[in-house]
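K.L.:
pasting the structure only:
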């Protein structure tokens, strides 16, 4: 009976692979979307993608390491998840001590992690994402940076801004669980004018945006660089932020049929844009097929051989007009055509 059960399990689950996702805890919203996307493809494209177990890390680093130890001892070698750069940084030593294990990170982006490692990152690092709006930031009188406190990626962007713009031009405010209020933000922005800009890098943007329905104001342009799903803007915030709130999103200029099928079925706010490429990558790694010419479902799926970071990303800049997000332009990185900006017209 046991041997039959083991055979059935092999038919159901992809060998040696497990997802360690942050499904509960302070920053679970991203990985809940990753889980929905995984389950969609396992259910609807089960010939192409075999399921694998999912464990909840609860966003806790100690628990994440414990789960890595546990499942490594059980024979697992491919670990999918690690959305936050803080988690990737904290697991780096573990992967160095287990060189036959491979991690796949969905959305970690800190440039400090652009180092030799055994963790593939499906989202480009933040050196790329600031590029599309750097001219606007350089033209601003002052740049106000509002970010999630204590996160590696957010601290990296602070250093990039200081390096690119000069320390005197950058004012920063780290958001935590107690200091996100209209009074605090209005005081932080009290010397601002219409020639200034805000850069927003928040793991949870909704509470910040809601402040604009409670009296918070800012005259200049805002640039949201989280790079994933755009925030939902409602109420009087939609009036205050109209034609001021810009988002910079990691976008693939080419997508496959099954990528578009998942996107259209789940909807923009419930679909992880990089997870399908992650499933494709896992298939190749498990089957020991070279990934140098791996087909992609979303943009160019090519990694730096040393750092395992994605290269040649494209970013779409959009401006919120009070109702929806309108396309401003696309910054393309291409291995053949090089780097160029495409100015697009929304339909």
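P.N.:
Structure received. Quick caveat, the model's predicted, so the values are computed rather than measured.
K.L.:
For this structure, give me the ranges with low pLDDT.
P.N.:
The chain contains residues with pLDDT under 70 at 1-12, 344-347.
K.L.:
At the geometric centre of it, which residue do we find?
P.N.:
The chain has residue 107 as the residue nearest its centroid, 3.3 Å off, counting by C-alpha atoms, centre = their mean.
K.L.:
what about that one, which helix or strand?
P.N.:
Per DSSP states H and E, residue 107 falls between elements, in no helix or strand.
K.L.:
Contacts only, for it.
P.N.:
30, 83, 84, 122, 123, 227, 228, 274 (C-beta atoms under 8 Å, 6 or more residues apart in numbering). No exception for glycine: its C-beta is placed from N, CA and C like everyone else's.
K.L.:
How much space separates it from residue 293?
P.N.:
Counting by C-beta to C-beta, to the nearest Å, the gap from residue 107 to residue 293 is 25 Å.
K.L.:
Ok, residue 157 next?
P.N.:
With the distance defined as C-beta to C-beta, residue 157 ends up 33 Å from residue 293.
K.L.:
So for the two, which residue has more residues nearby?
P.N.:
For residue 157 and residue 293, the more surrounded residue by other C-beta atoms under 10 Å is residue 157, and the numbers stand at 23 against 9.
K.L.:
Just want the phi and psi numbers for the more buried one.
P.N.:
Main-chain dihedrals, residue 157, degrees, to the nearest 10: phi -60, psi -40.
K.L.:
With residue 43 instead?
P.N.:
Torsion angles at residue 43 (phi, psi; degrees, to the nearest 10) stand at phi -80, psi -40.
K.L.:
All the strands of this structure, in order from the start?
P.N.:
Using DSSP state E, the strands of the chain run over 17-21, 54-56, 78-81, 102-105, 119-121, 143-148, 170-175, 197-201, 221-227, 245-251, 314-320, 325-334, 338-342.
K.L.:
Could you export those to JSON lines, including columns for mean neighbour count and distance to residue 113?
P.N.:
Formatted as JSON lines, the strands of the chain follow (neighbours: other C-beta atoms under 10 Å; distance: least, C-beta to C-beta, whole Å):
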{"stretch": "strand 17-21", "mean neighbour count": "24", "distance to residue 113": "17"}
{"stretch": "strand 54-56", "mean neighbour count": "17", "distance to residue 113": "22"}
{"stretch": "strand 78-81", "mean neighbour count": "26", "distance to residue 113": "15"}
{"stretch": "strand 102-105", "mean neighbour count": "24", "distance to residue 113": "9"}
{"stretch": "strand 119-121", "mean neighbour count": "24", "distance to residue 113": "7"}
{"stretch": "strand 143-148", "mean neighbour count": "23", "distance to residue 113": "17"}
{"stretch": "strand 170-175", "mean neighbour count": "18", "distance to residue 113": "20"}
{"stretch": "strand 197-201", "mean neighbour count": "25", "distance to residue 113": "16"}
{"stretch": "strand 221-227", "mean neighbour count": "23", "distance to residue 113": "15"}
{"stretch": "strand 245-251", "mean neighbour count": "23", "distance to residue 113": "16"}
{"stretch": "strand 314-320", "mean neighbour count": "21", "distance to residue 113": "19"}
{"stretch": "strand 325-334", "mean neighbour count": "17", "distance to residue 113": "19"}
{"stretch": "strand 338-342", "mean neighbour count": "11", "distance to residue 113": "22"}
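K.L.:
Turn the ones you listed into a markdown table, including distance to residue 163.
P.N.:
Formatted as a markdown table, these follow (distance: least, C-beta to C-beta, whole Å):
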| stretch | distance to residue 163 |
| --- | --- |
| strand 17-21 | 33 |
| strand 54-56 | 37 |
| strand 78-81 | 31 |
| strand 102-105 | 24 |
| strand 119-121 | 22 |
| strand 143-148 | 13 |
| strand 170-175 | 10 |
| strand 197-201 | 14 |
| strand 221-227 | 16 |
| strand 245-251 | 19 |
| strand 314-320 | 20 |
| strand 325-334 | 20 |
| strand 338-342 | 20 |
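K.L.:
Which one, of those, ends up nearest to residue 263?
P.N.:
Closest approach to residue 263 among these (C-beta to C-beta): strand 245-251, 11.6 Å.
K.L.:
Partner strands of the closest one and their direction?
P.N.:
Using DSSP bridges, the strands paired with strand 245-251 are strand 221-227 (parallel), strand 314-320 (antiparallel).
K.L.:
what's the angle between the first one and strand 143-148?
P.N.:
Pointing back at strand 221-227 there. Between strand 221-227 and strand 143-148, the angle comes out at 40 degrees (axes from the mean of the first three to the mean of the last three C-alpha atoms, to 10 degrees).
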